[in-house]
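Student: Quick one: sequence plus predicted model below, questions after.
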Amino acid sequence: MHVDEAIRSRKSVRRFLPTAVAPSVVQQILSVAARAPSGNNVQPWKVYAVAGEARQLLCDAFIEAATHEPDRHQPEYAYYPTTWVEPYLDRRRRCGFGLYASLGIARDDAAARERQMLRNYTFFEAPVGLLVTLDRRLNTGSFMDLGMFIQNILVAARAQGLHTCAQAAIAWYHKVARAQLPIGDHEILACGIALGHEDPSAPENAFITERGEVERFTSFHGFDPQS
């Protein structure tokens, strides 16, 4: 698969088939992803890959906490702003409304929205879950490094014919993850990633978010318009 096609076909898949993913494939994806750039080559990331019984135990613990004690859990970093401004508020709303519409969930159906949200904590039924951490002793620039590493995972997965969903929701339950996995105190749980084979019959997987045209986010200076 050409890298352009891998990037363009990447999407957030929210329902997976139970088809297993071989450990060698996961290792290949992570080996490729590790070629991501990082300032001074510090490589600030760590990954905890779960499958089988380990994945099930972790998912059960996530669901238990998210169902019965969500107010006791907060992420260790602020992903979203406290106050939304345009154009980001509109994009966020269109993303959420579009996803729920694809699932046939009405805007006022709080119970159905909550059930869908909880599916984050089963990795949307993907057979492999990845938990990605960042060393908290580093600084803001390392978040950029981590983002490039995560993007490499998503693209490398497409090269293997697989799909993913990057999940900030997992970061809320870092205490639960620490009870299940050997995550060090110096590590911030940045996100989870669901990894597996897309369920092509799932309506939510047909929902594709739009992207702005290059001219909307780029200004060109000094280029020869004839070249």
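Tutor: The structure has been received and is ready for your questions.

Student: And the strand or helix carrying Asp90, what's buried?
Tutor: For Asp90, the element it lies in under DSSP states H and E is helix 88-102. Within helix 88-102, the residues that count as buried by 16 or more other CB atoms under 10 Å are Leu99, Tyr100, Ser102. C-beta here means a position set from N, CA and C on the backbone, and glycine is covered the same way.

Student: How about stretch 44-63?
Tutor: 44-45, 47-51, 55, 58-59, 61-63.

Student: and the closest residue to Met148 other than its chain neighbours, backbone torsions?
Tutor: The shortest distance from Met148 to any residue that is not its chain neighbour, by CB to CB, 6 or more residues apart in numbering, is 4.3 Å, and that residue is Ala36. The phi and psi torsions at Ala36 (degrees, to the nearest 10) take the values phi -60, psi 150.

Student: sorry, back to before: will you turn the buried residues of stretch 44-63 into CSV that also has pLDDT and distance to Leu134?
Tutor: Conversion of the buried residues of stretch 44-63 to CSV gives the following (pLDDT from 0 to 100; distance: CB to CB, whole Å):
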residue, pLDDT, distance to Leu134
Pro44, 98, 5
Trp45, 98, 6
Val47, 98, 11
Tyr48, 98, 13
Ala49, 98, 16
Val50, 98, 18
Ala51, 98, 23
Arg55, 98, 22
Leu58, 98, 19
Cys59, 98, 23
Ala61, 98, 22
Phe62, 98, 20
Ile63, 97, 25
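
Student: Okay, and which of those map to helices?
Tutor: Secondary structure assignment by DSSP state H places Arg55, Leu58, Cys59, Ala61, Phe62, Ile63 of the buried residues of stretch 44-63 in helices.

Student: ok, of these, which one's closest to Ala179?
Tutor: The shortest approach to Ala179 among these belongs to Ala61, at 6.9 Å (CB to CB).

Student: I'd guessed the closest one sits against His174; true?
Tutor: No - under the criterion of CB atoms under 8 Å, Ala61 lies out of contact with His174, with a separation of 11.9 Å.

Student: ok, longest strand in the chain?
Tutor: Within the chain, and with DSSP state E defining each element, the longest strand by residue count is strand 187-196.

Student: any chance you could map the helices in the protein?
Tutor: Shown for the chain, the helices assigned by DSSP H span residues 3-9, 23-33, 52-68, 88-102, 110-118, 141-159, 174-180, 214-217.

Student: Would you mind putting those helices into TSV with distance to Gly129 alongside?
Tutor: Formatted as TSV, the entries for the helices of the chain read as follows, by distance: least, CB to CB, whole Å:
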stretch	distance to Gly129
helix 3-9	21
helix 23-33	11
helix 52-68	5
helix 88-102	20
helix 110-118	15
helix 141-159	12
helix 174-180	10
helix 214-217	32
